[in-house]
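Asker: Below is the structure, and that's it, no one-letter string:
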């Protein structure tokens with residue numbers, strides 16, 4: 001087991017770092033925080049893989065068991081049935097997931113200057129790194145090594161993947177004297193049948 005090890009900087013995907021979620025494919029599982037870092041082929045993962053491999057070797061000094069699962073997944077694991085890939089990904093990428101059960105506490109999140117991050121600061125497509133804990137598991141006959149999500153640091157902004165993030169500090173103006181004053185609703189106007197305004 002290792003603790004406080006830093007991952008290389010990668011592109012963030014599927015970030016559930018500040019809101020814990022349950023896995024849809026495994027009913028009854030606990031809510032957890034998670035994120036995936038995506039690395040292109042130009043990123044050298046040799047030292048990263050060696051650090052994780054050392055944890056496995058300590059647990060299994062006589063050799064890795066058959067069917068042992070690695071946290072390093074090839075880009076082909078994200079290929080769709082039609083042969084295409086999700087926006088922003090390719091077959092040459094390497095996907096690495098980090099996770100933490102909600103019951104173990106929230107995940108500390110900071111920016112490049114170690115200032116606390118707001119929810120709108122975290123989105124798929126930015127870059128970041130993780131302080132992780134590598135550990136081996138043996139659950140229901142499935143053996144492998146996982147990477148515990150101990151803390152997250154945003155490195156830089158990037159091209160958003162999917163919906164663009166919303167930062168509340170820039171989305172709203174200061175209310176000033178308007179604070180606490182309710183808005184006045186306009187009188188209702190009947191729309192013609194079939195008009196799309198019926199939906200609102």
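Answerer: Received the coordinates, thanks. This is a predicted model, so every value here is computed, not measured. Residues are numbered from 1 along each chain as shown.

Asker: Quick one: neighbours of the closest residue to residue 142 other than its chain neighbours, just the number.
Answerer: Taking CB to CB, 6 or more residues apart in numbering, and ignoring the residues beside it in sequence, residue 142 has residue 69 as its nearest neighbour in space, at 6.7 Å. All C-beta spots, glycine's among them, are computed from the backbone N, C-alpha and C. The burial count assigned to residue 69 is 12, neighbours taken as other CB atoms under 10 Å.

Asker: show me what contacts residue 69?
Answerer: When the contact criterion is CB atoms under 8 Å, 6 or more residues apart in numbering, the partners of residue 69 are 142-145.

Asker: Just send those residues back as a markdown table, with distance to residue 107 and secondary structure too.
Answerer: As requested, the contacts of residue 69 are arranged in a markdown table below (distance: CB to CB, whole Å; DSSP: H, G, I helix; E, B strand; the rest coil):
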| residue | distance to residue 107 | secondary structure |
| --- | --- | --- |
| 142 | 25 | strand |
| 143 | 26 | strand |
| 144 | 22 | strand |
| 145 | 20 | strand |
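
Asker: Take these and write them to TSV, including neighbour count, distance to residue 77 and pLDDT.
Answerer: As requested, the contacts of residue 69 are exported to TSV (neighbours: other CB atoms under 10 Å; distance: CB to CB, whole Å; pLDDT from 0 to 100):
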residue	neighbour count	distance to residue 77	pLDDT
142	10	16	89
143	18	19	93
144	17	14	94
145	20	16	95
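
Asker: So which of those is the closest to residue 105?
Answerer: Among these, residue 145 lies closest to residue 105 (CB to CB), at 22.1 Å.

Asker: Report the beta-bridge partners for that closest one.
Answerer: Beta bridges link residue 145 to residue 136 when assigned by DSSP bridges.

Asker: Over to residue 128?
Answerer: Here residue 128 sits in beta bridges with residue 10, residue 154, going by DSSP bridges.

Asker: average pLDDT across the longest helix anywhere in the chain?
Answerer: Using DSSP state H to assign secondary structure, the helix with the most residues in the chain is helix 46-59. Mean pLDDT, taken over the full extent of helix 46-59, equals 94.

Asker: pLDDT weak spots in the protein?
Answerer: Judged against pLDDT under 70, the low-scoring parts of the chain cover residues 1-3, 25-27, 163-167, 169, 176-200.
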